[in-house]
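Engineer: starting from these lines, generate the structure:
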Amino acid sequence: LAGLDEDGIAAARQAARARGQEGWLIELTNTTGQPVLENLTNRDLRRRVLEASLGRGLGGEHDTRQLVLGIARRRAERARLLGYEHHAAWVAADGCARTTEAVLDLLGNPERAYQVVHITGTNGKTSTARMIERLLAATGMRTGRFTSPHLATIRERISLDGEPISEEGFIAAWEDVEPYVRMVDERSVAEGGPRLSFFEVLTVMALAAFADHPVDVAVIEVGLGGTWDSTNVVASEVEVITPVGLDHGAWLGTTLTEVAQNKAGIIKDGATLVTAAQPPQAQEVIAQAAAAHGVVWRRELDPQEDPHDPDAGALRVVERTLAVGGQMVTLVTSAAVYEDVFIPLHGDYQARNALLALAAAEALFAGRALPAKVVEDGFASVTSPGRLEVLRSSPTVLVDVAHNPHGVSALVPAVEEAFGFTHLVAVLGIMADKDAEGVLAVLEPATDAVVVVPVDSPRAMDVEDLAATAREVYGEDRVVVARDLAEGIEQAVRLSEG
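Structural biologist: Next comes the predicted model:
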């Protein structure tokens with residue numbers, strides 16, 4: 001390409017897409033005027049564009065930030081001239097996706113450089129995402145994974161080949177996108193709209209980092225719902241909907257139909273859709289969306305269905321037994337029967353998550369069965385921190401992130417099945433927007449007592465308010481209030497031993 005005008009940049013993008021994951025094949029002009037052919041990564045290209053622009057006498061500007069903003073503004077003006085005026089209307093009903101999309105457009109749409117598996121649902125999303133990523137990695141693919149929230153470090157949210165992005169990589173990802181985020185923020189504020197949210201910026205960073213790595217496939221978990229979520233800018237080949245229940249009522253609705261409608265918003269035309277068994281109200285909504293988008297639908301067998309019915313769900317967990325450190329399962333998909341597969345996680349719900357993960361991984365290979373060795377190695381390497389995780393023994397201390405009645409209803413039988421404790425004490429801290437009474441009502445029959453603790457978050461329910469709700473469910477003598485988590489665990493240990 002002779003020169004770096006907008007047409008040249010557009011042609012470079014087109015060439016890059018044609019080359020898939022290998023980077024950008026462009027021809028620059030060096031200081032002697034001779035063409036130089038280079039194969040560059042996305043990040044390298046952006047840097048070379050800046051270097052070349054400096055060399056072309058653009059006012060002697062050495063402020064990289066300002067130069068990137070200038071390029072971004074010219075791209076935005078070109079988009080406007082081509083008729084994409086919607087970029088000025090950031091605050092539409094789907095504002096989260098639009099603002100994210102606007103930044104990605106300025107970045108050259110890195111999210112189009114790899115295949116995508118997109119995951120929504122009420123519970124089980126992160127565990128399922130981690131399983132899908134491990135199965136795909138076992139095939140030899142380079143993988144990216146975007147999940148939330150994080151437990152120890154924000155870098156957990158952006159995973160490359162199964163590991164959190166490095167500190168240097170995280171900083172580089174931010175520096176790469178920051179000028180474009182700032183430009184979109186400025187435009188949005190000028191139009192009376194908001195700046196990009198924390199989660200929207202992380203979404204952009206993740207999608208750009210995956211292209212720069214580069215990955216072959218990204219497993220993307222929604223932040224909230226589906227339709228309006230900032231991750232819903234991806235053109236996913238596979239969508240997964242884990243079990244749908246009630247949560248985030250202020251945003252997603254207070255009925256299963258409303259929640260399912262929002263989550264079904266990630267379904268794309270002609271994709272493969274993989275779904276867990278759902279309540280009837282949610283199933284009806286998903287079925288309508290699946291038909292409207294013409295998807296290949298792989299769904300879990302409903303407990304009320306006859307497995308021999310030709311219209312019944314094809315995905316089944318047909319056998320499950322306890323094993324040291326997890327469970328042995330036999331999984332049936334549309335492609336194969338996978339016998340004696342070890343899943344290093346506890347609970348019936350994790351076996352069902354594994355079923356969805358297996359079907360999603362098959363879908364990326366045209367629905368074909370995966371080799372037994374890939375399935376064995378992929379699942380054996382799965383971890384899911386904070387999901388029925390054992391932190392210590394004598395007495396055993398477990399941690400789990402279940403935060404709504406739907407999730408706790410799956411957690412309680414898993415604890416009873418895998419551990420069979422004689423005494424069990426719950427330690428609970430919760431956000432103010434959660435159904436604390438519903439969570440406590442599920443915990444109460446399975447636990448001797450509950451210790452309520454404060455959570456260090458502005459969204460947290462006040463510990464005294466939580467204690468009052470707990471007393472209504474458990475009674476006065478089965479509720480203990482602790483000043484912090486450490487004291488709460490100490491109190492629970494004493495209660496369990498006494």
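
Engineer: pull out the buried residues from the longest helix seen in the chain.
Structural biologist: The longest helix of the chain (DSSP state H) is helix 167-190. Judged by neighbour count (16 or more other Cβ atoms under 10 Å), helix 167-190 contains these buried residues: 169-170, 172-174, 176-185, 187-188. The C-beta positions use only the backbone N, C-alpha and C, and glycine is treated the same way.

Engineer: in whatever helix or strand comes next after that helix, which residues are buried?
Structural biologist: Past helix 167-190, further along toward the C-terminus, the next helix or strand under DSSP states H and E is helix 198-212. For helix 198-212, burial by neighbour count (16+ other Cβ under 10 Å) applies to 199-212.

Engineer: just to revisit the earlier point, for the longest helix of the chain, packing partners?
Structural biologist: Packing partners of helix 167-190 (3 or more Cβ pairs under 8 Å, 6 or more residues apart in numbering; DSSP states H and E): helix 42-55, helix 64-81, helix 95-106, strand 158-160, helix 198-212.

Engineer: just how off-centre is the third one within its chain?
Structural biologist: Put simply, helix 95-106 sits 18 Å off its chain's centre (Cα atoms, centre = their mean, to the nearest Å).

Engineer: continuing past it, what's the next helix or strand?
Structural biologist: Once the chain leaves helix 95-106, the next helix or strand it forms, by DSSP H and E, is strand 115-120.

Engineer: what mean pLDDT does that next one have?
Structural biologist: What strand 115-120 shows for mean pLDDT is 98.

Engineer: and that strand, which strands flank it?
Structural biologist: For strand 115-120, the paired strands and their directions (DSSP bridges) are strand 217-221 (parallel), strand 238-241 (parallel).

Engineer: quick one: work out the angle between the very next helix or strand once past it and strand 115-120.
Structural biologist: Next helix or strand after strand 115-120 toward the C-terminus (DSSP H and E): helix 125-138. Interaxial angle, helix 125-138 versus strand 115-120 (axes from the mean of the first three to the mean of the last three Cα atoms, to 10 degrees): 160 degrees.

Engineer: tell me what helix 125-138 is packed against?
Structural biologist: Packed next to helix 125-138, using 3+ Cβ pairs under 8 Å, 6+ apart, are strand 115-120, strand 143-146, strand 217-221, helix 348-363, helix 372-380.

Engineer: again, only using 10 Å
Structural biologist: Secondary-structure packing of helix 125-138 (3 or more Cβ pairs under 10 Å, 6 or more residues apart in numbering; DSSP states H and E): strand 115-120, strand 143-146, strand 158-160, strand 217-221, strand 238-241, helix 348-363, helix 372-380.

Engineer: quick check: bridge partners of the spatially most central residue of the chain?
Structural biologist: Nearest residue to the geometric centre of the chain (Cα atoms, centre = their mean): residue 221, 1.7 Å. Counting by DSSP bridges, residue 221 is bridged to residue 119.

Engineer: circling back: looking at the helices and strands packed on helix 125-138, which is closest to residue 477?
Structural biologist: helix 348-363 (32.3 Å; Cβ to Cβ).

Engineer: list the buried ones in that closest one?
Structural biologist: So, applying 16+ other Cβ under 10 Å, buried residues of helix 348-363: 349-363.

Engineer: hang on, the earlier thing: worst average pLDDT in the helices and strands packed on helix 167-190?
Structural biologist: Confidence, taken as mean pLDDT, is least for helix 64-81 of those (a mean of 42).

Engineer: residue boundaries of the strands in the stretch 301-450 of the chain?
Structural biologist: Assigned by DSSP state E, counting those that start in this stretch, the stretch 301-450 of the chain shows strands spanning 316-323, 326-332, 337-343, 389-392, 397-399, 425-428, 449-452.

Engineer: contacts only, for the residue nearest to residue 443 when sequence neighbours are not counted.
Structural biologist: Once flanking residues are discounted, residue 443 sits nearest to residue 426: 5.0 Å by Cβ to Cβ, 6 or more residues apart in numbering. Going by Cβ atoms under 10 Å, 6 or more residues apart in numbering, residue 426 touches 408, 412, 439-440, 443-444, 446-452, 470, 474, 488, 492.

Engineer: now the buried members of the residues you listed.
Structural biologist: When these are checked for burial by 16+ other Cβ under 10 Å, the buried set is 408, 412, 439-440, 443-444, 447-452, 470, 474, 488, 492.

Engineer: so of those, which ones are in helices?
Structural biologist: Counting by DSSP H, those contribute 408, 412, 439, 440, 443, 470, 474, 488, 492 to helices.

Engineer: go ahead and confirm residue 381 touches residue 135.
Structural biologist: Yes: using Cβ atoms under 10 Å, residue 381 is in contact with residue 135, at 9.3 Å.

Engineer: which of those two has more neighbours?
Structural biologist: residue 135 (27 against 16; other Cβ atoms under 10 Å).

Engineer: ok, the more buried one to residue 429 distance?
Structural biologist: 34 Å (Cβ to Cβ, to the nearest Å).

Engineer: what of residue 225?
Structural biologist: For residue 225, the distance to residue 429 equals 24 Å [Cβ to Cβ].

Engineer: compare these two and say which one has the larger neighbour count.
Structural biologist: The neighbour comparison of residue 225 against residue 429 (other Cβ under 10 Å) goes to residue 225, with 24 against 21.

Engineer: report how many residues lie close to the closest residue to residue 305 other than its chain neighbours.
Structural biologist: Excluding the flanking residues, the one nearest residue 305 by Cβ to Cβ, 6+ apart is residue 312, at 4.3 Å. Neighbourhood size, residue 312 [other Cβ under 10 Å]: 14.

Engineer: tell me which of the buried residues of helix 198-212 is nearest to residue 254?
Structural biologist: Nearest to residue 254 out of the buried residues of helix 198-212 is residue 199 (Cβ to Cβ; 22.8 Å).

Engineer: SS state for the nearest residue to the closest one once chain neighbours are set aside?
Structural biologist: In this structure, residue 199 finds its nearest non-sequential neighbour in residue 223, 4.8 Å apart by Cβ to Cβ, 6+ apart. Under DSSP: H, G, I helix; E, B strand; the rest coil, residue 223 falls in the coil class.

Engineer: residues in contact with residue 223?
Structural biologist: Here residue 223 is in contact with 96, 120, 125, 146-149, 157, 197-200, 202-203, 229-232 (Cβ under 10 Å, 6+ apart).

Engineer: now with 6 Å, please.
Structural biologist: 148, 199, 229 (Cβ atoms under 6 Å, 6 or more residues apart in numbering).

Engineer: distance of it from residue 163?
Structural biologist: 22 Å.

Engineer: swap in residue 194?
Structural biologist: 33 Å.

Engineer: kindly report the same for residue 321.
Structural biologist: Distance from residue 321 to residue 163, by Cβ to Cβ: 32 Å.
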